[in-house]
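>>> Have a look at this prediction, sequence included:
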Amino acid sequence: MKTLKRKKQDSIIDALTNAQKFIFAPLAFQALSSMLELGIIELLDKKSSTEEELISALGLDEYTVRTLLQIGVANKIIYKEEALFSLTKMGRLFLYDDMTKANFGFVKDVCYLGASELTKSFEEQKPKGLQKFIGNYPTIYTALTELPEKMQNSWYEFDHLYSDNCFEEVFQIINRKHKTIYDIGGNTGKFETLCLNHDKNFDITMFDLKSNINKIKNKPELKNCKFHPINVLDEKPNYPSIKNSAVLMSQFLDCFSKKDIIKILSDIRQHMDRSSRLYILEPYTDMQKFEGAEYSLVHTSLYFTCMANGISKFYSLEEMKTLIEKAGFTIDCYHQDIGSYNYTLLECENSAFGRWFQIKEQSAGENRLRISLFLYKIFGKNALYLIALLMSVFTFIFAPKVREYSKKYFKVIETEIGLKPSLINQFRHIYSYANSLVDKFLVYSGNFRTDNVEFSDKFVEKQLYEDLDKGNGVFFICNHIGNVEVFQAFFQKYNKKNDIAVDVFVSGKQSQIFNNFLSKTKLTMPITTFQVDDIGLNTGIELKDELNKGNMVFIAGDRVSENNYTKNITTELFGHTILLPKGTFKLAKLMEVPTYYISVIKHKSKYKIVIQKQETLSEKEQIALYTQFLENMIRQYPFQCYHFYDFFNN
């Protein structure tokens, strides 16, 4: 009983101690400021000193030195050993660490007085600290050029330390795709200067308030920069027409409320063509590696409350993702760990041109599958192939987005394979896909004949059967080249006892559609589709359970997660950037069972099963080998790559 009481007592004492530290933190903060201004910190950095030595060297009285030393020791800024006082590691940060110095100056000169008006700021959703101590401005941004010099300097030092650190990486990422940049909220023109240092004729336009532009537009280094005065909160901002360009918002959207962010993004989207991209650079609170970084960001949000505008904050990635989608954009790529402070650059495109999970699969509807089954029973499979031809013609004429993606695909492979992005090739591509849908339907309805299906390599076929006979299961990483469902039907030849199940992990919507359909059809082999919209721990547990039963598991390696788009990895296919789901390759390694890459390709009237066993490799080696496998398949069968969305990120 004594021990339990002691633990409880300690927790109460700890809580009381922490509460007092919290209460007196504002005074400790100002005491540190005094120690810096009076030279105590700087002198102790040079050498350990006694009270008397500090009094003599700095010309201060005993009361000042002794009082401040006590505060320094209590807050672990100063260390005392007998009569000597020394600076701790934390104390030295205030002299040498750029981040600590910038944060300290920002809180002291910009935020400290205004924080006394936090409650009123929350209640009125206005920057009451700014309005009480500086003037009756609606936001700090309209007051920047009028701020006291010391306050203005601290504001810019804080702002530039973080975003400036990212600019070189951001420029390199954007410059790979776009030679024209519109920088919205360019502030002091640091990014513009960097662009023009790379190329004095680079096409860069800075958007900002007129007062900010007037302050910097005559700088010599910005001689070739274009300027566009704008207030993004105007009812109809005067955006120009933006064609084949990049729009950058660097640490800009955190200056606005959620409602305003949606408005700003919606307005700019209406002026961007389909080849333009939006880039949003922010230090998201939930993307920080270190506790101190997240702590700093969430507290900096209070600056927005009492000083900046009364209504904004540093947002989490999930919050920003929701706002971006509401404004009609899709996050096309996540560039993480930008700069030294864990910034994330979001590359966005108009949702109208979206990714695979925003484009309905032609075969996806359960009703379409039922109608197809009805027609098949009456007219046979030839009727389905005729319908496929008619639907191909219809799609070719009335689905320009599908044609566009097919054209882009042929442009990518043209130099490697020699197929031009002609209208004929685009139609052949669409028609090949339509025919594969018929075969897919025949597989799932149990009516596909497997007589004309064979392995391309008898040795690998034997190797696969040996692995299956061991009863530990086999992991297949499939793709959208050819028609992998044909293998699942062909497997009936081997699986005579029906003792091995085929488990297919697909998106939630597809899983529901196919499970509903399959439950109403008679199949001669067990097949189950599992919902997986985010490859994670739960997926791994389900996979392992199925593999332990000796089953075959199929999961695509060329489609990214719809719900967790950050868990992807970039690689190159035919020299162009693509995204692959990182989780698929991690799971392949973790499952510790034989893993195969697989494509099932239609060659004339036959299907060829092409598999490649993947030995124990690192994640990087796995992805390189898988990408090579995809390239080999596309080189041989270019019309059977069925990615009718913007698969090539570059």
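Nice, thanks for sending it over.

>>> which ones are touching the closest residue in space to residue 118 that isn't next to it in sequence?
Among residues not flanking residue 118 along the chain, residue 306 sits closest, at 5.0 Å (C-beta to C-beta, 6 or more residues apart in numbering). (Glycine included, C-beta is placed from N, CA and C.) Shown in contact with residue 306 (C-beta atoms under 8 Å, 6 or more residues apart in numbering): 111, 114-115, 117-118, 121, 127-130.

>>> Determine which two of the residues you listed are furthest apart.
Greatest spatial distance in the contacts of residue 306: 111 and 128, 12.9 Å, computed using C-beta to C-beta.

>>> Next, work out how far apart residue 41 and residue 93 are.
10 Å (C-beta to C-beta, to the nearest Å).

>>> Which one of those two is surrounded by more residues?
Comparing residue 41 with residue 93 by other C-beta atoms under 10 Å, the one with more neighbours is residue 41, at 21 against 17.

>>> which residues in the stretch 401-550 of the chain form strands?
Using DSSP state E, counting those that start in this stretch, the strands of the stretch 401-550 of the chain run over residues 453-455, 474-478, 502-506, 527-531.

>>> can you list the domains in this structure?
The record's domain parsing of the chain by automatic domain parsing lists 17-95, 132-354, 447-640.

>>> now the shortest one, how far from the centre of its chain.
Just to be clear, that refers to domain 17-95. Distance of domain 17-95 from its chain centroid, counting by C-alpha atoms, centre = their mean, to the nearest Å, is 44 Å.

>>> The longest one now?
Domain 132-354 has its average C-alpha position 17 Å from the chain's average C-alpha position, going by C-alpha atoms, centre = their mean.

>>> Now do it, average pLDDT.
For domain 132-354, the mean pLDDT works out to 91.

>>> closest to residue 385 out of the domains of the chain?
Closest among those, using C-beta to C-beta: domain 447-640, at 12.2 Å.

>>> what's the neighbour count on residue 256?
Residue 256 has 24 nearby residues by other C-beta under 10 Å.

>>> Let me know the secondary structure of the closest residue to it other than its chain neighbours.
What sits nearest to residue 256 in space, not counting adjacent residues and going by C-beta to C-beta, 6+ apart, is residue 312, at 5.3 Å. Per DSSP: H, G, I helix; E, B strand; the rest coil, the secondary structure class of residue 312 is coil.

>>> and residue 312, what is it in contact with?
Counting by C-beta under 8 Å, 6+ apart, residue 312 makes contact with 254-257, 260, 301, 304.

>>> Going by distance to residue 389, which of these wins?
When these are compared for distance to residue 389 (C-beta to C-beta), residue 260 comes out closest, at 51.0 Å.

>>> Tell me how far the closest residue to the closest one other than its chain neighbours lies from residue 256.
Spatially, and ignoring its direct neighbours in sequence, residue 260 is nearest to residue 233 (6.3 Å; C-beta to C-beta, 6+ apart). Going from residue 233 to residue 256 by C-beta to C-beta gives 8 Å.

>>> Find residues that contact each of these two.
Here residue 233 and residue 256 have residue 264 as joint contacts, going by C-beta under 8 Å, 6+ apart.

>>> List only buried entries from the contacts of residue 312.
Among these, those buried by neighbour count (16 or more other C-beta atoms under 10 Å) are 254-256, 260, 304.

>>> For the helix or strand containing residue 118, name the packing helices and strands.
Using DSSP states H and E, the element containing residue 118 is helix 118-124. Counting contacts by 3 or more C-beta pairs under 8 Å, 6 or more residues apart in numbering; DSSP states H and E, helix 118-124 packs against helix 128-133.

>>> Give me the contact list for the helix it packs on.
When contacts are defined by C-beta under 8 Å, 6+ apart, helix 128-133 is touched by residues 111, 113-118, 120-121, 137, 139-140, 143, 306-308, 310.

>>> Need the buried ones among the contacts of residue 312 in JSON lines (columns: secondary structure and distance to residue 197).
Output for the buried ones among the contacts of residue 312, formatted as JSON lines (DSSP: H, G, I helix; E, B strand; the rest coil; distance: C-beta to C-beta, whole Å):
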{"residue": "254", "secondary structure": "helix", "distance to residue 197": "27"}
{"residue": "255", "secondary structure": "helix", "distance to residue 197": "26"}
{"residue": "256", "secondary structure": "coil", "distance to residue 197": "30"}
{"residue": "260", "secondary structure": "helix", "distance to residue 197": "33"}
{"residue": "304", "secondary structure": "helix", "distance to residue 197": "31"}
